[in-house]
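3D, please:
(2 chains)
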Amino acid sequence: MADQSSSDYVRFINVQKSYDGESLVVKNLNLDIARGEFVTMLGPSGSGKTTCLMMLAGFETATHGEIILDGDSINDVAPHHRGIGMVFQSYALFPHMTIFENLAFPLEVRKQSKSEIETRVKKALDMVRMGAFGTRRPAQLSGGQQQRIAVARALVFEPKLVLMDEPLGALDKNLREEMQYEIKHIHNNLEVTVVYVTHDQSEALTMSNRIAVFNDGVIQQLAPPEDLYERPDNAFVAQFIGENNTLIGSVRELNGTACVVELGDGSIINALSVNVGNKGEQSTLSLRPERVTINPEAGSLPNIVDADVKELIYLGDHIRTRVDVCGHDDFIVKMPNSATHASLTPGDTVKVGWLAEDCRALDAPVDRGVT
Amino acid sequence: MAAATTSDGALTTADGIPLKASLARAERRNRNRALLLVTPLFAFILVFFLMPIFDMLTRSVDNTVVGSVLVRSVPVLSQWDDSSGELPSEAVFKAMVLDIQDGRETRTIGKVGTRMNYEKSGMTSLFRKSGRRAKQIKEAPYKEALIKLDKKWGDINTWRLLKRESDAQTLTHYLASIDMRFNDSGEVVRQPEEKQIYINLFIRTLKLSALITVLCLVLGYPISYLLATLPVRTSNLLMILVLLPFWTSLLVRTTAWIALLQKQGVINDFLVGVGLIGDDGRLAMIHNAIGTVVAMVHILLPFMVLPLYSVMKTIPPSYVRAARSMGATPWTAFWRVYVPNTVSGIGAGGILVFIIAIGYYITPALVGGVSGTLISNFIAQHISVTLNWGLAAALGSVLLALVLALYILYDKIVGIDNMKMG
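Have a look, this model is predicted:
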């Protein structure tokens, strides 16, 4: 199949995957990844994201459809001919080899000269600031150090495409954040294309150019991080990415991009119509906790409702306030810890309000698909 | 921290007891309980394993029978100079006659004859005959009387042999087990050609055991790999098939092989039936080395599969995948990444199979014929047929030393720490 758009380096075209012939793990996947892009596949476990990565690496075969790498179909190309670097969740460093030998392995199988191997391994080790560790064995390194070596090994033979399968999953939080920046910097410096798989949304938001949110074998939304957070297309994405307040009701009026939704208790909410059906159908309203104002001036916001304060959680920079709004008692408001913030106590009744544009009317409610 | 120190700088607890003493006291209870739990096993091993081995080692050099029967002759004989070229003195002959007479009464003289017969044939009859007739000798000169009774008593080599073998310990059995002997003048020489059997037998035992080990590895490696990579349901079924030999009686299995492999057996019938071989060209596949190898590989295969399987189970599939993604062909990935990680299993399985094979007895006895018998069959024969327990013990000790030497060699090359049994 000929390359249609020169910027698309990796293309999934109508890819399907089934393991048992009865159910599809990946349902009709279409995804184009540009050269030099950092694309993250994000989703709960069992959503098909790792299967997609394995098909790209060549360890799983697509049941249907085509995978294109740099203009050529790679469906029938063996993994070792694809020239794709890969970082595994468990690092997969070879325990019987030293760090140097681990990094030299991809160069040796490419029959490079001793001196060439020497210089390139050294360069790769320096890149991840592990230059002094060449003679150690993987078991003698900490998790973070092993992680760095795994990244260096995937890059040492200068692949154009690197796949990472939850590479930071086994690290503690601080180290994970440090490594996120490090991987991001390496990506920027080397201009390599990265496909990254994770179930950690903050990791995805931090590192990616674009994020493909997977659920149930389907890409729910493919968008840059800020779009995904600010403008989720459907209820699953809204709930999966970031913290989210959900109000459920039925559509009363549809008016171009605006709509009116009536909630279960009869409250009327003005919202932005994003992904709703016809009048009378169910809709999920999505509203970020930081976009809610407490005790707004009357008439300053299109939506102002009563709220009963249920719980206050002090988190330092902000105070999470759980309130009961329109019959939903899991409504969260983030109050910045500023000098002027309202002082509330549980049991108070206050007003809360928000803009119609911040309240996105999405498709009918779904279960949060975490298995 | 509230750690205190004494004047010499050692750490103490808060109330001044040295930290080491306090720690030892705290750990003692646990240690004692642990010791108590292993006591039954320790006692078992001591009584049924260590003591028999010790007994075997003593038996292989034990030679008290001569000294305990020939109580009078042995002390006086030791003063005789066997290089003088002359027969012992009259006193020795007298002591010998009295010993033989006593030995006849207590029926122990035959033992000496049997013992001496291991060294030189004809000695049993010499002592039996002398025992029968010695009571006729009542007075001096004992020398002439005894020589008259049997002229072997006039042969200086008979006395040399008696003197050499009158010590409480002897090396004869060990020499015999490596095809050596003392000649008449007491020098260590090789056995005559037709009596050299044990060295060849040891070499054959080692060769066949090595062959069996290699075959088990070649056959067991793919099975283990399959077991370790298949889904649990399928691999459990396969594991049952692998373990099936364990659940069938050894005799049944071995006879099954006889039924299959013998000249009129299933395989030969089949080959003749399809015309691959003529009826007169039936293959000899049993009662020879082939039979031993085939039957023993079958029996020992699980001992190779189980350690290999348990090691392979721990190797994540991502190792080979990582190697493949870095450009290694399937073969390179297997050979340079997968196999090195199974070395501990290969070592454990190999050493297990080899050590069991080297001492295996029943299968070679049943299907080994002449060319397929191993050293253990000869040990068994010396224990139950020729009753030369000293030689059996010496052969057993040499086998033990051989196994230990190989074990040490293995430790030097692979390292015993790298061995994983499961």
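
Go through stretch A:229-240 and flag the buried ones.
Buried residues in stretch A:229-240, counted by 16 or more other Cβ atoms under 10 Å in any protein chain shown: A:229, A:232-240. Every C-beta, even on glycine, is put in place using the N, C-alpha and C of the backbone.

What is the nearest of those to residue A:90?
Set against residue A:90, the nearest of the buried residues of stretch A:229-240 by Cβ to Cβ is residue A:240 (25.2 Å).

pretty sure that closest one contacts residue A:213?
Yes. Shown here, residue A:240 and residue A:213 form a contact pair, counting by Cβ atoms under 8 Å, at 6.3 Å.

hey, what's in contact with both of the two?
The contact sets of residue A:240 and residue A:213 overlap at A:42-43, A:220 (Cβ atoms under 8 Å, 6 or more residues apart in numbering or on different chains).

Just the residues contacting stretch A:116-134, thanks.
A:98-100, A:103-104, A:107-108, A:112, A:141, A:145, A:148-149, A:151-153, A:155-157, A:182, A:186.

For PyMOL, what selects the buried ones among those residues?
Entered in PyMOL, the line below selects the buried ones among those, by 16+ other Cβ under 10 Å:
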select buried, chain A and resi 98+99+100+103+104+107+108+112+141+145+148+149+151+152+153+155+156+157+182+186
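
Now the residue lying closest to residue B:258 once chain neighbours are set aside. Its backbone dihedrals?
Of all residues beyond its chain neighbours, the one nearest residue B:258 is residue B:286 (5.8 Å), with distances taken as Cβ to Cβ, 6 or more residues apart in numbering or on different chains. When read as degrees, to the nearest 10, the backbone of residue B:286 gives phi -140, psi 160.

Wait, residue B:286 touches residue B:262, no?
Yes. In this structure residue B:286 lies within contact range of residue B:262 using Cβ under 8 Å: 5.2 Å.

Now do the helices in the stretch 1-150 of chain B.
In the stretch 1-150 of chain B, the helices defined using DSSP state H, counting those that start in this stretch lie at B:19-45, B:51-59, B:64-69, B:73-77, B:90-105, B:109-119, B:123-133, B:142-149.

can I see the domain layout of chain A?
When chain A is parsed with automatic domain parsing, its domains come out as A:8-230, A:243-362.

Span of the longest one from start to end?
When the termini of domain A:8-230 are compared using Cα to Cα, to the nearest Å, they are 26 Å apart.

just to revisit the earlier point, between residue B:286 and residue B:262, point out the one with more neighbours.
Higher neighbour count among residue B:286 and residue B:262: residue B:286, with 26 against 19, using other Cβ atoms under 10 Å in any protein chain shown.

While we're on the more buried one, how confident is the model there?
If you check residue B:286, the pLDDT there is 87.

Pick the most deeply packed of the domains of chain A.
Sort those by mean neighbour count, taking mean count of other Cβ atoms under 10 Å in any protein chain shown, and domain A:8-230 sits at the top with a mean of 19.

mind giving me the domain split of chain B?
Split by automatic domain parsing, chain B gives B:4-59, B:64-170, B:198-418.

Save these as a markdown table, and put in distance to residue A:9 too.
Putting the domains of chain B into a markdown table (distance: least, Cβ to Cβ, whole Å) gives the following:
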| stretch | distance to residue A:9 |
| --- | --- |
| domain B:4-59 | 62 |
| domain B:64-170 | 84 |
| domain B:198-418 | 17 |
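
can you tell which of the ones you listed is closest to residue A:224?
Of the domains of chain B, nearest to residue A:224 by Cβ to Cβ is domain B:198-418, at 28.1 Å.

Check the offset of that closest one from the chain's centre.
17 Å (Cα atoms, centre = their mean, to the nearest Å).

Quick check: residues of chain B near chain A?
Residues of chain B that fall close to chain A, judged by Cβ under 8 Å from any Cβ of the partner chain: B:316, B:318-319, B:321-330, B:332-333, B:336-337, B:340-341, B:343.

again, only using 6 Å
Residues of chain B lying near chain A by Cβ under 6 Å from any Cβ of the partner chain: B:316, B:318-319, B:321-322, B:324-329, B:332, B:337, B:340.

Okay, residue B:190 and residue A:130: tell me how far apart.
64 Å (Cβ to Cβ, to the nearest Å).

wait, what's in contact with the closest residue to chain A within the stretch 101-250 of chain B?
The nearest approach of the stretch 101-250 of chain B to chain A comes at residue B:231, 10.9 Å away (Cβ to the nearest Cβ). By Cβ atoms under 6 Å, 6 or more residues apart in numbering or on different chains, the contact list for residue B:231 is empty.

which regions of the chain lie under the pLDDT threshold?
Answering for chain A, as no chain was given. A:1-7, A:366-371 (pLDDT under 70).

um, chain B though
For chain B (pLDDT under 70), the answer is B:1-10, B:418-422.

And the strands in it?
Along chain B, the stretches classed as strands by DSSP state E are B:4-5, B:11-12, B:180-182, B:188-190.

what would these look like in TSV with distance to residue A:175 and mean neighbour count?
Output for the strands of chain B, formatted as TSV (distance: least, Cβ to Cβ, whole Å; neighbours: other Cβ atoms under 10 Å in any protein chain shown):
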stretch	distance to residue A:175	mean neighbour count
strand B:4-5	37	12
strand B:11-12	34	14
strand B:180-182	69	18
strand B:188-190	71	12
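
Could you list every helix and strand in contact with the helix or strand harbouring residue A:144?
Assigned by DSSP states H and E, residue A:144 belongs to helix A:143-155. Judged by 3 or more Cβ pairs under 6 Å, 6 or more residues apart in numbering or on different chains; DSSP states H and E, helix A:143-155 is in contact with strand A:84-87, helix A:99-109.

7 Å instead, please
Judged by 3 or more Cβ pairs under 7 Å, 6 or more residues apart in numbering or on different chains; DSSP states H and E, the packing partners of helix A:143-155 are strand A:84-87, helix A:99-109, helix A:114-127, helix A:173-190.

Columns distance to residue A:37 on top of those, output as JSON lines?
Converted to JSON lines, these look like this (distance: least, Cβ to Cβ, whole Å):
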{"stretch": "strand A:84-87", "distance to residue A:37": "15"}
{"stretch": "helix A:99-109", "distance to residue A:37": "23"}
{"stretch": "helix A:114-127", "distance to residue A:37": "21"}
{"stretch": "helix A:173-190", "distance to residue A:37": "9"}
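
right, and the domains of chain A - which one's nearest residue B:102?
domain A:8-230 (71.3 Å).

Can you tell me how far residue B:399 is from chain A?
Distance, residue B:399 to chain A, by Cβ to the nearest Cβ, to the nearest Å: 34 Å.

quick one, what contacts that residue?
Counting by Cβ atoms under 7 Å, 6 or more residues apart in numbering or on different chains, residue B:399 touches B:358-359, B:375.

ok, so of those, who is nearest chain A?
residue B:358 (29.3 Å).

contacting residues for the closest one?
Residues in contact with residue B:358 (Cβ under 7 Å, 6+ apart) are B:205, B:209, B:399, B:403.

Any of those buried? List them.
Burial by neighbour count, 16+ other Cβ under 10 Å: within those this picks out B:205, B:209, B:399.

Settle this for me: residue A:98 is touching residue A:137, isn't it.
Yes. Assessed by Cβ atoms under 7 Å, residue A:98 is found in contact with residue A:137 at 5.9 Å.

Nearest residue to the one residue in the stretch 51-200 of chain B that gets nearest to chain A in space, please, no chain neighbours.
Closest to chain A within the stretch 51-200 of chain B is residue B:53: 36.8 Å, counting by Cβ to the nearest Cβ. Leaving aside its sequence neighbours, residue B:53 sits nearest to residue B:400 (Cβ to Cβ, 6+ apart; 7.4 Å).

ok, the residue lying closest to residue B:174 once chain neighbours are set aside - how many residues close by?
Closest residue in space to residue B:174, ignoring its immediate chain neighbours: residue B:394 at 4.8 Å, by Cβ to Cβ, 6+ apart. Using other Cβ under 10 Å, residue B:394 has 28 neighbouring residues.
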